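Asks: Got a predicted structure plus its sequence, pasted below:
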Amino acid sequence: AGTGGRLGAFGISRVVWPEAQLAADIERIVTAPGAIDAEVFAGGIVRLLEYRLAAGSPLTATTLGGLRLPRGSLIVAVKRAGRIFVPRGSTRLQAADKVIVMGTPEAMHAVEALLNPGRAGSRLLVTIIGGGDVGFQLAQRLEQTPSIDLRVLERDADRGTMLAGRLSRTLVLNGDGTDLEFLESENVGRSDVLVSVIDNDERNLLASLLGRQLGVPKVITRVGRPANLRLFERVGIDVAISARGAAVASILHHITGGATSLLAIVEHGEARVFELVVSPSFEPRELKDMGAAEDAIVAAILRGNRAIVPRGDDRIEPGDRIVVFCTQDAADRVCTFFTGAAS
């Protein structure tokens, strides 16, 4: 019998490996140009991408109502000055805002092209600092993307020899990722993405800040202590991510049942993504007439194997499956509104 059969004999249906889940999450972010978070829902038919807007971003040109976003995509949240909120048509985005966009895979590819013109089809140089379990698994995953060139910096010579023997097209370099002279000698500043996954928060932070100083445009850092997540972001790390958080997210993706499924916890607990089954007693109505909680938005209607990103004149019907983005404070009100039961 396979592993699943052996686990089943003990009443275990799933084993969560935080390091493997962390590597998978980082892979999604690395391969989404410019994004600082990336998720997939509903079997892959709904995607979520998060961006930090630079000065001159096309999304800051006018109000949301005046933007021509790719059809099938929707800006569901904005985080500004430490506060997350669901924008409306009159909202005007600003440089340094974090924006969360959801939509179909096709539409989200168009969003990526809009926010990162010229990146499509170009090669990506990714440097991974730390060849432990996370670094090794991440390199294995990224080797499957032909347009990515990979380097792993590993301090331990024996571990580096093992990595070089197991990775087919990754350059493994023996050296300390927190040593500025070593980073400069290897031209780490030319990297498009730097991923620091040393098993130590202080060394990870130092390696990441050195990479930023050398000019790396996108820095992703592993954080061991959840209390450090916001600190890492405040000092300029683009993406701070923890194995513990990745494991929790993995569990959430596999918890289903009833009318409410929690798909994701976003921005360190400040927002939620739910999949809801609309109550049979729900009165059919168009979204523009909904009057649901203020800090919530219907991101998609799931019908069969198709996701519909709705507009104001789309109707929500009893029995519909919907994906809803909402703030933490609005979660219970949203779930009660659509299903009749709190989250």
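Replies: Yes, it's here.

Asks: What is the least confident helix or strand in the protein?
Replies: One helix or strand of the chain scores below all others by mean pLDDT, DSSP states H and E: helix 3-9, with a mean of 53.

Asks: Nearest spatial neighbour of A35, chain-adjacent residues omitted?
Replies: Of all residues not flanking A35 in the chain, L49 sits nearest, at 4.7 Å (Cβ to Cβ, 6 or more residues apart in numbering). Quick note: C-beta positions are derived from backbone N, CA and C, even for glycine.

Asks: Also L276?
Replies: Using Cβ to Cβ, 6+ apart and skipping residues adjacent in sequence, the residue nearest L276 is F338, 4.8 Å away.

Asks: Surely the one you found is in contact with V324?
Replies: Yes. Using Cβ atoms under 8 Å, F338 makes contact with V324 at a distance of 7.1 Å.

Asks: okay, and the common contacts of the two?
Replies: Common contact partners of F338 and V324 (Cβ atoms under 8 Å, 6 or more residues apart in numbering): L276.

Asks: Tell me which stretches of the protein form helices.
Replies: All helices of the chain, identified by DSSP state H, fall at 3-9, 18-30, 105-115, 133-142, 157-166, 180-185, 201-213, 229-234, 243-253, 331-339.

Asks: How far away from the center of its chain is the fourth one?
Replies: To tie it back to what came earlier, the one meant is helix 133-142. Here helix 133-142 is found 17 Å from its chain centre; the criterion is Cα atoms, centre = their mean, to the nearest Å.

Asks: angle of that helix against helix 157-166?
Replies: Counting by axes from the mean of the first three to the mean of the last three Cα atoms, to 10 degrees, helix 133-142 points 20 degrees away from the direction of helix 157-166.

Asks: One more: the third one?
Replies: Angle between the axes of helix 105-115 and helix 157-166 is 120 degrees (criterion: the same axes, to 10 degrees).

Asks: List the buried residues of helix 105-115.
Replies: A107, M108, H109, A110, V111, E112, L114, L115 (16 or more other Cβ atoms under 10 Å).

Asks: send the alpha carbons of it over as PDB?
Replies: Extracted C-alpha coordinates of helix 105-115, given in PDB (Å, rounded to 0.1, in the frame of the first residue of the first chain):
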ATOM      1  CA  PRO A 105      -6.400  32.800 -14.400                       C
ATOM      2  CA  GLU A 106      -6.700  34.400 -17.800                       C
ATOM      3  CA  ALA A 107      -7.600  37.800 -16.400                       C
ATOM      4  CA  MET A 108      -4.900  37.700 -13.800                       C
ATOM      5  CA  HIS A 109      -2.300  37.000 -16.500                       C
ATOM      6  CA  ALA A 110      -3.500  40.300 -18.100                       C
ATOM      7  CA  VAL A 111      -3.200  42.000 -14.700                       C
ATOM      8  CA  GLU A 112       0.400  40.800 -14.400                       C
ATOM      9  CA  ALA A 113       1.200  42.200 -17.900                       C
ATOM     10  CA  LEU A 114      -0.500  45.500 -17.000                       C
ATOM     11  CA  LEU A 115       1.400  46.000 -13.800                       C
END
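
Asks: Does it pack against any helices or strands, and if so which?
Replies: Helices and strands touching helix 105-115, by 3 or more Cβ pairs under 8 Å, 6 or more residues apart in numbering; DSSP states H and E, are strand 46-52, strand 73-80, strand 98-103.

Asks: Can you list the strands that the last one pairs with?
Replies: Applying DSSP bridges to the sheet, strand 98-103 is found paired with strand 46-52 (antiparallel), strand 73-80 (antiparallel).
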